[in-house]
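[1] build me a model from this:
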Amino acid sequence: MKEDLAKYGKNIADTIRRTALGGRIDKFGNLKGTSRIYGYVCAIHEMDDENEELRNTVDVQEFNYGESEYDDQPVGFHEGVLLSAIQGGNKKGVFIVPQLFSEVLIQQDPLTLQEYVIMYSHAKIIQWQSTEEVNIGVTEYEDFKETGDEGIEKDFDELEPNESKLKTNTVYKKDEISDTLEDSDGKLEQKKTAKQKTITVGDTKILIDGQNVTIETSANIKFTVGGSVIDTTDGKVEIKTDTANIEATDITAKGTNITAKGTDITVNGTNVEIKGGNLKTKGQASTDLQGPYNPIKVCPFSGAPHCGSQVSGT
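    Residues are numbered from 1 along each chain as shown. Have a look, this model is predicted:
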């Protein structure tokens, strides 16, 4: 008897509560706007949606219902859920669109009864616009150390980077983007503006602008394409390749000691002039009656020399 009276009393109290709240109780008995709803995105209304009121919203289906439980569909369906509680003012700030069929958590405003997304499992679009700076990075810290009283030795803000010093960081400013990658062995920095890009690794710096590419380093610079290699160190350049072709209007080669070696070397020009001091050459001239060289070294009549290995006054 007492149990029945308690049951009836609770039903009467619930009825009075629902009446007093004027229909602001949801199907679970909670005050509307105070509970969170868990479901998945079943539709995304783009900016060109034919229904203007649904543009930039999503439809969410709750997980709590199955089609076999109710005949009247849709049950647990929420249409036109806002992407944010401040949807009208964040199109140029923080803006996230969840992925279709991703899991979301939504909440309802208790005054307007408008629903909006408060948590996402996956995102289709992430917009993060600021007016001054955005700093994004990953730093590896030392592990937590537990104490005997089931506490921790240091709070997270007190932890130091670990020995590996692994760190990545990107800073976005209105006129510059800076990237940093760092570990215990070195550091890479990259800065980009609208006019130039600078990459720094150790003591090597590469500067790229609209006209030039400048490389500064104390080490060597090596370009390799297949079997062709250009290796540059301080005061020395080596070029190794099967075939090299240089075309220019004016070519000047200067040096204290210049050596040209090859199986076949051809100098081809309308006018060929050799000058600069002394010209030395040795060998035996052929008797093909076509060249300027005299194959007879000594005059057979007078014994006077007809050839020499050195030319002066060039």
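
[2] which of the three states applies to Lys261?
    coil (DSSP: H, G, I helix; E, B strand; the rest coil).

[3] any idea how far Ile246 is from it?
    Per CB to CB, to the nearest Å, Lys261 is found 17 Å from Ile246. Just so you know, the C-beta spots here come from the backbone N, C-alpha and C atoms, and that holds for glycine as well.

[4] and Thr214, how many neighbours does it have?
    11 (other CB atoms under 10 Å).

[5] could you say which helix or strand contains it?
    Taking DSSP states H and E as the criterion, Thr214 maps to strand 213-216.

[6] what sits up against whichever helix or strand comes after that strand?
    Using DSSP H and E, the next helix or strand after strand 213-216 towards the C-terminus is strand 221-225. Outside strand 221-225, the residues that touch it by CB atoms under 8 Å, 6 or more residues apart in numbering are Ile215, Val229, Ile230, Asp231, Thr232, Thr233.

[7] out of everything not next to it in sequence, what's closest to the first one?
    What it means is Ile215. Nearest residue to Ile215, sequence neighbours excluded (CB to CB, 6 or more residues apart in numbering): Ile206, at 5.3 Å.

[8] quick one: the one you found from Phe156, how far?
    37 Å.

[9] neighbour count for these two, which is higher?
    Ile206 (16 against 8).

[10] got the contact list for that one?
    Contacts of Ile206 (CB under 8 Å, 6+ apart): Thr198, Ile199, Thr200, Val213, Thr214, Ile215, Glu216.

[11] farthest pair in the residues you listed?
    With CB to CB as the measure, no two of the contacts of Ile206 lie farther apart than Thr200 and Val213, at 14.6 Å.

[12] comparing the two, which residue is more hemmed in?
    Neighbour totals were compared for Thr200 and Val213, and Thr200 leads with 16 against 9 (other CB under 10 Å).

[13] check the secondary structure at the more buried one for me.
    When the rule is three-state DSSP, Thr200 gets the label strand.

[14] cool, Asp157 as well?
    helix.

[15] so for it, what's the pLDDT?
    On the pLDDT scale, Asp157 is placed at 79.

[16] for it, give its distance to Tyr141.
    10 Å.

[17] alpha carbons only: can I get stretch 125-142 in PDB?
    Extracted C-alpha coordinates of stretch 125-142, given in PDB (Å, rounded to 0.1, in the frame of the first residue of the first chain):
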ATOM      1  CA  ILE A 125      36.700  21.900 -42.600                       C
ATOM      2  CA  ILE A 126      38.700  23.600 -39.900                       C
ATOM      3  CA  GLN A 127      39.000  27.400 -40.100                       C
ATOM      4  CA  TRP A 128      41.200  29.100 -37.500                       C
ATOM      5  CA  GLN A 129      41.600  32.800 -38.200                       C
ATOM      6  CA  SER A 130      43.100  35.300 -35.800                       C
ATOM      7  CA  THR A 131      44.000  39.000 -36.000                       C
ATOM      8  CA  GLU A 132      47.500  38.800 -34.700                       C
ATOM      9  CA  GLU A 133      49.100  35.300 -34.300                       C
ATOM     10  CA  VAL A 134      48.500  31.600 -34.300                       C
ATOM     11  CA  ASN A 135      51.000  29.300 -32.700                       C
ATOM     12  CA  ILE A 136      50.800  25.500 -33.300                       C
ATOM     13  CA  GLY A 137      53.400  23.100 -32.100                       C
ATOM     14  CA  VAL A 138      54.300  19.700 -30.500                       C
ATOM     15  CA  THR A 139      57.000  19.300 -27.800                       C
ATOM     16  CA  GLU A 140      58.000  16.100 -26.200                       C
ATOM     17  CA  TYR A 141      58.300  16.400 -22.400                       C
ATOM     18  CA  GLU A 142      59.700  14.200 -19.700                       C
END
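
[18] packing partners of the strand holding Thr214?
    Where contact means 3 or more CB pairs under 8 Å, 6 or more residues apart in numbering; DSSP states H and E, strand 213-216 is packed against strand 204-209.

[19] what pairs with the strand it packs on, and is each one parallel or antiparallel?
    When pairing is defined by DSSP bridges, strand 204-209 lines up against strand 196-201 (antiparallel), strand 213-216 (antiparallel).

[20] doesn't Val94 make contact with Gln127?
    Yes - between Gln127 and Val94 there is a contact under CB atoms under 8 Å: 6.9 Å.

[21] report the longest strand in this structure, please.
    strand 36-45 (DSSP state E).

[22] pLDDT of that strand, averaged?
    On average, strand 36-45 scores 93.

[23] so after that strand, what's the next helix or strand?
    Trace forward from strand 36-45 with DSSP H and E and the next one is strand 57-62.
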